[in-house]
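Undergrad: For reference, the sequence and a predicted model appear below.
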Amino acid sequence: MRGALSLNPTYYEALKRLTLELAGVNLGADHAFLIETRLATLSRKEGFESLDNMVEELFNTGQNRLAVQVVSSLLERDTHFYTDRASFDKLEDIIIPALYPSRKSGKIRIISFGCSSGQEPYCIAMALDKAKDKFPDVTFEIVGVDYPSSALDRAKAGRYTHFDVQRGLPIRDLVTYFDRQSEDWVIKKSIRDTVTFKETHLLSNLDALGQFDVVVFRNALPHYSSPAQIRVLRGLSTLVKPLGYLLLGTDEALNHINYGFDTLARQPNIFRRREEKVVIIEDPNIKKPTDRKTFEKAKRRLKDMGDVKAPKSA
Amino acid sequence: MSAKTCLVVDDSRMIRRVASRILKELKFETEEAENGQDAIDRCRIDMPDAILLDWNMPVMDGLDFLKELRKDPNGGKPVVVFCTAERDVMKITQALDAGADEYVMKPFDSDIIESKFFQAGLI
């Protein structure tokens, strides 16, 4: 009998490489338990006898659909309501007031990038509903984006457990914006209708999403590898309208490349896009976001690693 | 700077112990009371910074305690966090109207207590 972690070590390394290839995210050594638990759930859902069977199927047959599901499961983040409150409050206190004069009688489009199970876009909707008297004559469109995943399905349903709604959510927000349904709490239609969710690969071409006045991308950047951080930020820069804003998490920054943004004075995690057309000098060593078959490449690398055969069953 | 004080009010000895242990980890000094009347008596001697308050208790329930507390000249000082199995929206609203600052629905864990005490400005 093996120890607590039963996944074949070769498969473990292969999954780490696949996640890096497909999503640009480095899974550290502390993710071993997460890989086991999350993929065990997925393998049961997909009808496999064991986790090893599923991973064997993944790498031997090269199912892109399964690869996306595996990587999406591994990247689901445990998000809370009003995570990193200090940076969240800057949206209402600094960014919206700055945009408001030029958007009066119009619309402010906000995107929550990497929204996981939806707490962030719903918090934005609740905060702006509470502040509606401060910003009359403007409508807000809020879009939550993430990889297709069960977390994103929960976001679309707006349904949260007893434990979810007690982490970060003030009780007055719970009674104002949620209905109790059996043991769960469901966000009220008035708030849910202001938020739409879209499934998007965060490293893919993002043009189809259109442009936004505010891009919110908080507390996810450090998980990406350095080249992937550059690809993600470059993609995000194209989503921000001229003179629009990018909001990162507390203590997060753009790291040496400005991507056409200026940093706000005394606000190191708020970036305002310049008015002129952004020209980004390409570094030939940095991969461009394309629709290339990254999974095929990952498979080739796995083949190079040699042993990808499943262990014999005990 | 001295540690903040929290009075844990619950008729269950086990809940009082679990909650006190969590609050001590959050650097609170804790005292315990087993019903609303016991809690009122303790508050009149020494008003705490925070009260973690059960609803359904013998002698005096949590809601009556809270109404009584808020009538006291110094009774506006403690931050009151209800901690109860009552999950009905009407009940929660009733607690807030009576002067509760936050509300924990049982069962709870240390993350929930920490989050609610943070929401209430206690940490």
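TA: It's in.

Undergrad: use CA for all of it now, contacts and neighbours both
TA: Noted.

Undergrad: low-confidence ranges in chain B?
TA: Where chain B drops to pLDDT under 70, the residues are B:1.

Undergrad: Show me where the chain has its strands.
TA: You didn't pick a chain, so chain A it is. According to DSSP state E, chain A carries its strands in the segments A:107-113, A:139-146, A:159-160, A:178-181, A:184-187, A:195-199, A:212-217, A:240-248, A:261-264, A:267-273.

Undergrad: Oops, wrong one, chain B.
TA: Here chain B has its strands, by DSSP E, at B:5-9, B:29-33, B:50-53, B:79-84, B:102-105.

Undergrad: So what sits opposite the closest residue to B:D101 other than its chain neighbours in the bridge?
TA: What sits nearest to B:D101 in space, not counting adjacent residues and going by Cα to Cα, 6 or more residues apart in numbering or on different chains, is B:V80, at 5.4 Å. With DSSP bridges as the criterion, the beta-bridge partners of B:V80 are B:I51.

Undergrad: Quick check: phi and psi on the closest residue to B:F108 other than its chain neighbours?
TA: Using Cα to Cα, 6+ apart and skipping residues adjacent in sequence, the residue nearest B:F108 is A:F163, 7.8 Å away. With angles defined as degrees, to the nearest 10, A:F163 shows backbone torsions of phi -80, psi -40.

Undergrad: Quick check: A:F163 vs B:Q94, distance?
TA: Going from A:F163 to B:Q94 by Cα to Cα, to the nearest Å gives 22 Å.

Undergrad: I'd like to know which elements the longest helix seen in chain B is packed against.
TA: Taking residue count as the measure and DSSP state H as the definition, the longest helix of chain B comes out as helix B:13-25. For helix B:13-25, the packing partners by 3 or more Cα pairs under 8 Å, 6 or more residues apart in numbering or on different chains; DSSP states H and E come out as strand B:5-9, strand B:29-33.

Undergrad: how about the ones you listed, which one is nearest A:D133?
TA: Closest to A:D133 of the helices and strands packed on helix B:13-25, according to Cα to Cα: strand B:5-9, at 37.1 Å.

Undergrad: Please name the strands paired to the closest one in the sheet, noting orientation.
TA: Strand pairing for strand B:5-9, using DSSP bridges, gives strand B:29-33 (parallel), strand B:50-53 (parallel).

Undergrad: Deepest-packed of those strands, please.
TA: Neighbour counts (mean count of other Cα atoms under 10 Å in any protein chain shown) averaged over each of the strands paired with strand B:5-9 peak at strand B:50-53, with a mean of 26.

Undergrad: Contacts for that one next, please.
TA: Where contact means Cα atoms under 8 Å, 6 or more residues apart in numbering or on different chains, the residues beyond strand B:50-53 that reach it are B:4-10, B:62, B:78-84, B:122.

Undergrad: hmm, 6 Å instead?
TA: Applying Cα atoms under 6 Å, 6 or more residues apart in numbering or on different chains, the contact partners of strand B:50-53 are B:C6, B:L7, B:V8, B:V9, B:P78, B:V79, B:V80, B:V81, B:F82, B:C83.

Undergrad: need the contact list for the fourth one.
TA: By that I understand B:V9. With contact taken as Cα under 6 Å, 6+ apart, B:V9 is in contact with B:E32, B:A33, B:E34, B:L53, B:D54.

Undergrad: same thing but at 7 Å, please
TA: B:V9 makes contacts with B:E32, B:A33, B:E34, B:N35, B:A39, B:L52, B:L53, B:D54, as judged by Cα atoms under 7 Å, 6 or more residues apart in numbering or on different chains.

Undergrad: Just want the most central residue of the chain.
TA: Just so you know, I chose chain A. For chain A, the residue nearest the mean C-alpha position is A:G114 (1.6 Å; Cα atoms, centre = their mean).

Undergrad: Chain B was what I was after
TA: What sits nearest the mean C-alpha location of chain B, by Cα atoms, centre = their mean, is B:L52, with 1.8 Å.

Undergrad: Report the separation between that one and chain A.
TA: B:L52 sits 15 Å away from chain A, taking Cα to the nearest Cα, to the nearest Å as the criterion.

Undergrad: that older thread, can you list the helices and strands packed on helix B:13-25 in CSV and add distance to A:T238?
TA: What follows is the helices and strands packed on helix B:13-25, written out as CSV (distance: least, Cα to Cα, whole Å):
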stretch, distance to A:T238
strand B:5-9, 51
strand B:29-33, 52
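
Undergrad: Extract the C-alpha trace of the longest helix of chain B and format it as CSV.
TA: Presented in CSV, the C-alpha positions along helix B:13-25 are these (Å, rounded to 0.1, in the frame of the first residue of the first chain):
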residue,chain,number,x,y,z
ARG,B,13,-20.1,24.2,28.0
MET,B,14,-18.5,22.6,24.9
ILE,B,15,-19.3,25.6,22.7
ARG,B,16,-18.0,28.0,25.3
ARG,B,17,-14.7,26.0,25.4
VAL,B,18,-14.3,25.8,21.6
ALA,B,19,-15.1,29.5,21.1
SER,B,20,-12.8,30.6,24.0
ARG,B,21,-10.0,28.6,22.5
ILE,B,22,-10.5,30.2,19.1
LEU,B,23,-10.7,33.7,20.6
LYS,B,24,-7.5,33.1,22.7
GLU,B,25,-5.7,32.2,19.4
